[in-house]
Structure formats: C-alpha cells, structure tokens
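Chemist: Provided below for reference: sequence and predicted model.
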Amino acid sequence: MRRIGIVERWLNKPLYSHCGWLPVLLLPADAATAWAAEKVQKIDIFPPTPYDGYIIYESLALFWLLIIGLIVVIRMKLREIERVQELGLEGEDPDAPLLR
C-alpha cells in the first residue's frame, strides 16, 4: 500500500510541479540529436533556374485545366441524365428491337 500512497501524492501535486523535470529530460535528447541538424541537406523550395520554374508552372496550369475540364464533362453527363429522367426514357420499351 505504500506504493499506492506515493502515486496518490504525486497525482495530487499541481501540474506545474511535474513540469520542472521536463527540461532536464529534454535537454539530453536535444543535445544527442544536434549533430543530425548539421548534416541535413537543404532542399530548394523554388526552382534554381527559370526553365525549371516554367516547367513546374506549366504542369500546374495543365493540371488545373484538366481538373476543370473533368468537372465540365461530369456536369454535362449529369444534365443528360436529368434530361433522360424527365422524358421518362429510363424504362425498358417492350416494342424495342433486340440487338443480337
């Protein structure tokens, strides 16, 4: 029962008293990984040459044009489906010739 009493006293302390150990625990972890930050290769966010930038922006413009075209085609198909449903042609006609 003594161990439970220790846990209860630890849990009854205010939260700020537990945070005092946080820098002590994180400082060695930060020091252990500091060498890795020096070896990281920097990655260019913007292309280094204008030609590469042109290719990226051209690809981006083409991508969005295709997305807009796809939305237009889907909207046209939906309007066609609505038109057919309004005409009542979605049912099967018994007098229609069979394709074999």
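Modeler: Okay, I see it. Residues are numbered from 1 along each chain as shown.

Chemist: output the lowest mean pLDDT helix or strand found in the protein.
Modeler: One helix or strand of the chain scores below all others by mean pLDDT, DSSP states H and E: helix 15-18, with a mean of 57.

Chemist: mind listing what residue 54 touches?
Modeler: Applying Cβ atoms under 8 Å, 6 or more residues apart in numbering, one finds that residue 54 lies in contact with no residue. Any C-beta I mention is one placed from the backbone N, CA and C, and that applies to glycine too.

Chemist: give me the element residue 44 is part of.
Modeler: Assigned by DSSP states H and E, residue 44 belongs to neither a helix nor a strand.

Chemist: make that residue 63, sorry
Modeler: In this structure, residue 63 is located in helix 50-87 according to DSSP H and E.

Chemist: low pLDDT regions in this protein?
Modeler: Using pLDDT under 70 as the threshold, the predicted model of the chain has low-confidence ranges 1-22, 24, 36-40, 89-91, 100.

Chemist: make it 90
Modeler: Of all residues in the chain, those with pLDDT under 90 make up the ranges 1-53, 81, 83-100.

Chemist: hmm, who's touching stretch 44-52?
Modeler: Contact partners of stretch 44-52, identified using Cβ under 8 Å, 6+ apart, comprise 53, 56.

Chemist: got the CA positions of that stretch in PDB?
Modeler: Taking C-alpha atoms only, stretch 44-52 is exported to PDB below (Å, rounded to 0.1, in the frame of the first residue of the first chain):
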ATOM      1  CA  ASP A  44      15.300  24.300 -52.600                       C
ATOM      2  CA  ILE A  45      11.700  25.400 -52.200                       C
ATOM      3  CA  PHE A  46      11.700  27.400 -55.500                       C
ATOM      4  CA  PRO A  47      13.500  26.000 -58.600                       C
ATOM      5  CA  PRO A  48      17.000  27.300 -59.100                       C
ATOM      6  CA  THR A  49      16.700  28.000 -62.800                       C
ATOM      7  CA  PRO A  50      13.900  29.900 -64.700                       C
ATOM      8  CA  TYR A  51      13.500  26.900 -67.000                       C
ATOM      9  CA  ASP A  52      12.600  24.600 -64.200                       C
END
